[in-house]
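Enquirer: no sequence on hand, only this structure:
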């Protein structure tokens, strides 16, 4: 079990005043069987005239805001305290043939109806011929689900390079497959496409991964980042096996889950629409995930 203080600041600066800003953010971690949120808060500056915390269709915390006063800066700062355990999985479900994890073909199984949406194409996870073929190398007939999914995770980790310059936020699964490179978002989307093309239900997960500074180096506040991975439905249960192809491991007590959906588009940390004459803007994101005993005070943080 680990306890963390998570701090996430998103700061926009605009070249000209913004007259109207409408947005949504997914920044509050979820309460889950293996994750407990003991404190959470979010501040929007300037203060919006309308702000409405809500729960989206996937059960994530989703807050909508509307700012009508002219502004040249917008800052959203979220802070949470979370206790995380390493998830435990049903060994029998992990040993079942991967073919059982196809809810459209196994509608008789408990929880299959909840998983159907995550077995279909989504806007950012299309079924490319390359991903269908790539996934088939791990999804061999009758192979145990846990083994097959782990093999796919390890192959992506081995075959793809982590390269922030290889893709952008709008890159497709096909782009990442051709480049054999990308970032955590791309690797999660590739794995989802490989699985869903064969009918396996899997969902995109966004959150944070607690990291350690290199040996001999001091921990730098605000130098962490958001992270993305995926979770695969375990047939006959309400459990989902969380795997991280970026780091070649199952999610453990270092992973803080914020939201899940079909792909990044469902759970992006902040998104919205602005009305302005500005021709340019800047975005700065700072994230800190610290063991609670080491967490730096929020007040005065840059």
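Expert: That came through, no problem. Since the structure is predicted, the reported quantities are computational estimates derived from the model, not experimental observations. Residues are numbered from 1 along each chain as shown.
Enquirer: where along the protein do the helices fall?
Expert: Counting by DSSP state H, the chain has helices at residues 91-95, 112-115, 129-136, 145-159, 173-179, 184-196, 264-267.
Enquirer: would you mind listing the buried residues in the first one?
Expert: In this case it means helix 91-95. The neighbour-count check on helix 91-95 (16 or more other C-beta atoms under 10 Å) flags 93-94 as buried. Using the backbone N, CA and C atoms, a C-beta is placed for each residue, glycine as well.
Enquirer: pLDDT (mean, whole number) over that helix?
Expert: In this model, helix 91-95 has an average pLDDT of 97.
Enquirer: residue 272: how many residues sit nearby?
Expert: Residue 272 is flanked by 16 other residues according to other C-beta atoms under 10 Å.
Enquirer: and it, what pLDDT?
Expert: 92.
Enquirer: can you check residue 295 too?
Expert: At residue 295, pLDDT is 47.
Enquirer: flag the shaky bits of the chain, pLDDT-wise.
Expert: Where the chain drops to pLDDT under 70, the residues are 218-223, 293-302.
Enquirer: tell me, what residue is most central in it?
Expert: In the chain, the centroid-proximal residue (C-alpha atoms, centre = their mean) is residue 206; its distance is 1.4 Å.
Enquirer: identify the residue nearest that residue in space, chain neighbours excluded?
Expert: Excluding the flanking residues, the one nearest residue 206 by C-beta to C-beta, 6 or more residues apart in numbering is residue 267, at 4.6 Å.
Enquirer: tell me the contacts of that neighbour?
Expert: Shown in contact with residue 267 (C-beta atoms under 8 Å, 6 or more residues apart in numbering): 26, 58, 60, 204, 206, 258-261.
Enquirer: quick one on the thing from earlier: who wins for proximity to residue 275 among the helices of the chain?
Expert: For those, proximity to residue 275 was assessed by C-beta to C-beta; helix 264-267 is nearest, at 22.1 Å.
Enquirer: what separation is there between residue 180 and residue 196?
Expert: For residue 180, the distance to residue 196 (C-beta to C-beta, to the nearest Å) stands at 20 Å.
Enquirer: so for the two, which sits in the more crowded spot?
Expert: residue 196 (25 against 13).
Enquirer: residues contacting that one?
Expert: Neighbours of residue 196 in contact, by C-beta under 8 Å, 6+ apart: 118-121, 125, 127, 202.
Enquirer: reformat the residues you listed as a markdown table; add neighbour count and distance to residue 285.
Expert: Listed next are these as a markdown table, based on neighbours: other C-beta atoms under 10 Å; distance: C-beta to C-beta, whole Å:
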| residue | neighbour count | distance to residue 285 |
| --- | --- | --- |
| 118 | 27 | 27 |
| 119 | 22 | 32 |
| 120 | 14 | 31 |
| 121 | 14 | 29 |
| 125 | 29 | 24 |
| 127 | 16 | 31 |
| 202 | 26 | 26 |
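Enquirer: would you list every one of the strands in this structure?
Expert: Taking DSSP state E as the test, the strands found in the chain are 2-25, 35-45, 50-55, 61-67, 71-84, 161-162, 181-182, 202-209, 226-233, 240-244, 249-250, 255-261, 270-276, 281-291.
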